[in-house]
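S.K.: I would like to see how this sequence folds:
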Amino acid sequence: MSDGPEAPRSTPAARAERLRSLHVAGRPLVPVNVWDSASAEAVEQADGFQALATASWAVAAAHGFPDGEEMPLELTLATVRRITSATDLPLSVDLERGYGDPGKTAAAAIAAGAVGCNIEDGLGDRRLRPADEQAQRVRAVRERAEEEGVALVIDARTDVFLAGGDDLGEAVRRGQLYREAGADCVFVPGVSDQRVVAGLVDALGQVSVLAPVDPAVVTRLAAAGVARISFGPGPRRVALAALDAAAAALIAAGASAGEC
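M.R.: Predicted coordinates:
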């Protein structure tokens, strides 16, 4: 029996503005990363949950692919469509390096229901795309999103620290270029020192970081002024660990029963 008519869905433009408003320095958005519609529906039940984000590693692993644009873009977009059909929460999708033409890819993500995206400057093997070239790619995403009529929330990722460096100045330089090109936030994975994080916040304003699934770490990062926290593949690992523990308990119970 129905509980009544469903509430009307918000427009993509409204969801994008809602997502943008949730990026507040010191009171960070915590979009627990999901990988399919079932995980999205599960985390949506948490009190106060306001937005969703995918993690490319988790989505790819769920489909049997390695990370790094090895999973076909159409399958990524199909996952986005399934998630956005299951919830009206704003969704940010991890577009990795942009799958070729980042503007075209952003338009496809918007058509699938996403209102935010990550785009990274890492090329693998600890290589980084030249900063000016990456800024042009961020600008292409911004311009194409404007053409689509959705103010896509761009979380521009720099892999300076993941590439093995510790050059705060280079991370800031890249982040400033990406912000000038239209990014709303700069995602700097691989940095955990609270003082370094605070330095990034001072220089860039809206900063996003990668964290373990640990409330205490979230609290420390909030104190450092970050505007968004990603957990990458961490939530999927937590879910699989719980499944593994449950399976082991059931198998042990079955074995014990057989011994009676």
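
S.K.: where along the protein do the helices fall?
M.R.: 12-21, 37-44, 56-62, 73-86, 102-112, 131-148, 168-180, 194-204, 215-223, 234-259 (DSSP state H).

S.K.: now do the second one against helix 234-259: the angle between them, please.
M.R.: In this case it means helix 37-44. Orientation check (axes from the mean of the first three to the mean of the last three CA atoms, to 10 degrees): helix 37-44 against helix 234-259 gives 100 degrees.

S.K.: ok, back up a step: same list (the helices of the chain) but as JSON lines, adding mean neighbour count and distance to residue 121.
M.R.: Just so you know, the C-beta spots here come from the backbone N, C-alpha and C atoms, and that holds for glycine as well. Below are these laid out as JSON lines (neighbours: other CB atoms under 10 Å; distance: least, CB to CB, whole Å):
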{"stretch": "helix 12-21", "mean neighbour count": "19", "distance to residue 121": "22"}
{"stretch": "helix 37-44", "mean neighbour count": "17", "distance to residue 121": "27"}
{"stretch": "helix 56-62", "mean neighbour count": "22", "distance to residue 121": "15"}
{"stretch": "helix 73-86", "mean neighbour count": "18", "distance to residue 121": "19"}
{"stretch": "helix 102-112", "mean neighbour count": "21", "distance to residue 121": "11"}
{"stretch": "helix 131-148", "mean neighbour count": "18", "distance to residue 121": "4"}
{"stretch": "helix 168-180", "mean neighbour count": "19", "distance to residue 121": "7"}
{"stretch": "helix 194-204", "mean neighbour count": "17", "distance to residue 121": "14"}
{"stretch": "helix 215-223", "mean neighbour count": "14", "distance to residue 121": "22"}
{"stretch": "helix 234-259", "mean neighbour count": "11", "distance to residue 121": "22"}
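
S.K.: any low-confidence regions in the chain?
M.R.: 1-7, 257-260 (pLDDT under 70).

S.K.: so who does the residue nearest the centre of it touch?
M.R.: In the chain, the residue lying closest to the centroid (CA atoms, centre = their mean) is residue 53, at 4.3 Å. Residues near residue 53 by CB atoms under 8 Å, 6 or more residues apart in numbering: 31-34, 91-94, 116, 118, 230.

S.K.: which strand residues bridge it?
M.R.: Legend: beta-bridge partners of residue 53 under DSSP bridges are residue 33, residue 92.

S.K.: go ahead and confirm residue 177 touches residue 136.
M.R.: No: Residue 177 sits out of contact with residue 136 when judged by CB atoms under 8 Å, with a separation of 9.6 Å.

S.K.: before we move on, the earlier item: closest to residue 211 out of the contacts of residue 53?
M.R.: Of all the contacts of residue 53, residue 211 sits closest to residue 230, with 7.2 Å by CB to CB.

S.K.: who's in contact with that closest one?
M.R.: Contacts of residue 230 by CB under 8 Å, 6+ apart are 31, 33, 53, 55, 187, 189, 208-211.

S.K.: cool, and residue 229?
M.R.: By CB under 8 Å, 6+ apart, the neighbours of residue 229 are 28-30, 208-211, 218, 221-222.

S.K.: tell me which two of these sit farthest apart.
M.R.: So for the contacts of residue 229, where distance means CB to CB, the most widely separated pair is 210 and 222, at 14.5 Å.

S.K.: residue 94: neighbour count?
M.R.: 27 (other CB atoms under 10 Å).

S.K.: which residue sits closest to it, ignoring its sequence neighbours?
M.R.: With CB to CB, 6 or more residues apart in numbering as the criterion, residue 94 has its nearest non-adjacent residue at 4.0 Å, and that residue is residue 56.

S.K.: who's in contact with stretch 80-92?
M.R.: 7, 9-10, 15-16, 18-19, 22, 31, 34, 36-37, 40-41, 44, 49-54, 93, 109, 112-118, 153, 155.

S.K.: now swap in stretch 186-196 and tell me
M.R.: Looking at stretch 186-196 with CB under 8 Å, 6+ apart, the contacting residues turn out to be 118, 120, 155-162, 168, 171, 174-175, 178-179, 197, 200, 204, 206-211, 220-221, 223-224, 228, 230, 232.
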